[in-house]
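*Asks:* Generate a structure from the sequence data that follows.
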Amino acid sequence: MATFKAIVFTGGKHIKQDGTANIKIRIYHNSSSIYIATEYFIKPDLMGDDGTIASVSDQAEILNYELTKNIQSYREVCIKLGSERTKRMTCSELKEEILLSVNCDSQSIDFVKFAKELISKTVKVKTAEWYDNSLNSFMNFFKKQRIDTKDITVKNLELYIEHLMNTKIVVRKKNMTMIERNMEPGTINNYIRGLRAIYNKAKKQYNNEELDIIRIPSNPFVKISIPQYRRKRKNLSIEDIIRIRDGNFTTSRSNMARDVFMMMFYLMGININDLYLLNSERAGRVEYERSKTNTPDNIGRFTLSIKVEPELRLLLDKYSNGVLLSAFKNKYCCLNNFLRAVNIGLKTISEELNLGVPLSTNWARHSWASIARNKAGINKADIDFCLGHVNHEYKMADIYIDIDYSIYDKANRSVLDLLQKNQEKNS
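*Replies:* I've put the predicted structure just below:
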């Protein structure tokens, strides 16, 4: 069984300017020691060898009481775990279990608190925003700042979905009139998937199946019907792509957006995040890994290498001054500002060309893929690769086969030639 004792370190780095040191609780377990810092500080000579504060200290009584209470709570955790479990745990694992148990009532885990901590640690901005929007919507439904994980039940999730389906949102139509409509199934789907992702991460943190420690036993998301939706087509015709390319629009921002849109198209539908992050080219090629797949647990990511075609060269040179696309980074301090400016510009383009669609950067990616398949006859597997998708059907083949980028150069050139041929035919 683990033993616990209050101690202070007397080394130089542990002593504060006022001469005090932090009181720590030492855990000795399976021939190893580890420490849990407390909120208390004391001069080292006031700590006795038995782990109690000397009576000469004014705070001796209260500190000894608080330290004893902490140690007793740690012992209680060990008793509840049982000797069969604890003897299989390392000292570090035991410390983790103790902290999880004493920092939250094992019968009451605050989902909101966990979610906010998760959001603050999430590196990817878009993922953090997704979690935050999902959480705020859920809190608005509950009308609470604290939601117990026990309250995330099938019934409550079904009530939440019903609430979202009956929620009216105000939208602005093209003629500037305001109308009310029901929330889109895609939005509801997005909120539920966000909550499910947070909930699953909470289960991963608070549960330890190997030691049969289950603080969040249920999985209500598998028992509900999440509204499904079909992705809306965001495809432009070759003629409309040419109109965008050759357009001269009323604002400098919309003309910049035109160039960004065409660069994304020439780069086989590159995501705007990846376009903004490009910083170099080599031997007439642009190389990058999709930021969307750049996570520690994604072993399927790969490098995309795209030949700089003449159409693209003109635009890259226009917005580069020593460093690739430096003009964007110099003008826009972050991706979100850049994306916002481009999408505002694309909205103006859509209005001036009377495209009748909510044009955004995604339309370049979707349009390239659609034209590649339907007009250039490129097979779907090659289109998947050009878009940077990981095709799990061919994951073993991908391990053995070297990438021949010339195949994808030909695919891209075939799409760009269609624009040229169409223009010549109509001129």
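*Asks:* Show me how the record splits the chain into domains.
*Replies:* 3-103, 111-223, 238-426 (automatic domain parsing).
*Asks:* For the ones you listed, give me CSV that also has mean pLDDT and mean neighbour count.
*Replies:* C-beta here means a position set from N, CA and C on the backbone, and glycine is covered the same way. Formatted as CSV, those follow (pLDDT from 0 to 100; neighbours: other Cβ atoms under 10 Å):
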stretch, mean pLDDT, mean neighbour count
domain 3-103, 90, 15
domain 111-223, 89, 15
domain 238-426, 86, 16
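*Asks:* Settle this for me: residue 223 is touching residue 154, isn't it.
*Replies:* Yes - between residue 223 and residue 154 there is a contact at 4.8 Å, judged by Cβ atoms under 8 Å.
*Asks:* okay but residue 369 is in contact with residue 270, surely?
*Replies:* No - using Cβ under 8 Å, residue 369 is not in contact with residue 270; the gap is 11.9 Å.
*Asks:* ok now do the residue nearest to residue 412 when sequence neighbours are not counted, which residues does it touch?
*Replies:* In this structure, residue 412 finds its nearest non-sequential neighbour in residue 268, 5.2 Å apart by Cβ to Cβ, 6 or more residues apart in numbering. The neighbours of residue 268, taking Cβ atoms under 8 Å, 6 or more residues apart in numbering as the test, are 304, 306, 368, 386-387, 408, 411-412, 415.
*Asks:* again, but for residue 125
*Replies:* Here residue 125 is in contact with 335-336 (Cβ under 8 Å, 6+ apart).
*Asks:* quick one: it from residue 291, how far?
*Replies:* Using Cβ to Cβ, to the nearest Å, residue 125 is found at 10 Å from residue 291.
*Asks:* ok, now residue 324?
*Replies:* Separation of residue 324 from residue 291 (Cβ to Cβ) stands at 16 Å.
*Asks:* and what of residue 338?
*Replies:* In terms of Cβ to Cβ, residue 338 sits 14 Å off from residue 291.
*Asks:* Over to residue 114?
*Replies:* Residue 114 is 26 Å from residue 291, where distance means Cβ to Cβ.
*Asks:* same deal with residue 39?
*Replies:* 40 Å.
*Asks:* check contacts around the nearest residue to residue 272 once chain neighbours are set aside.
*Replies:* When the adjacent residues along the chain are set aside, residue 272 lies closest to residue 361, with 4.5 Å between them (Cβ to Cβ, 6+ apart). Shown in contact with residue 361 (Cβ under 8 Å, 6+ apart): 260-261, 264, 271-272, 339, 342-343, 346.
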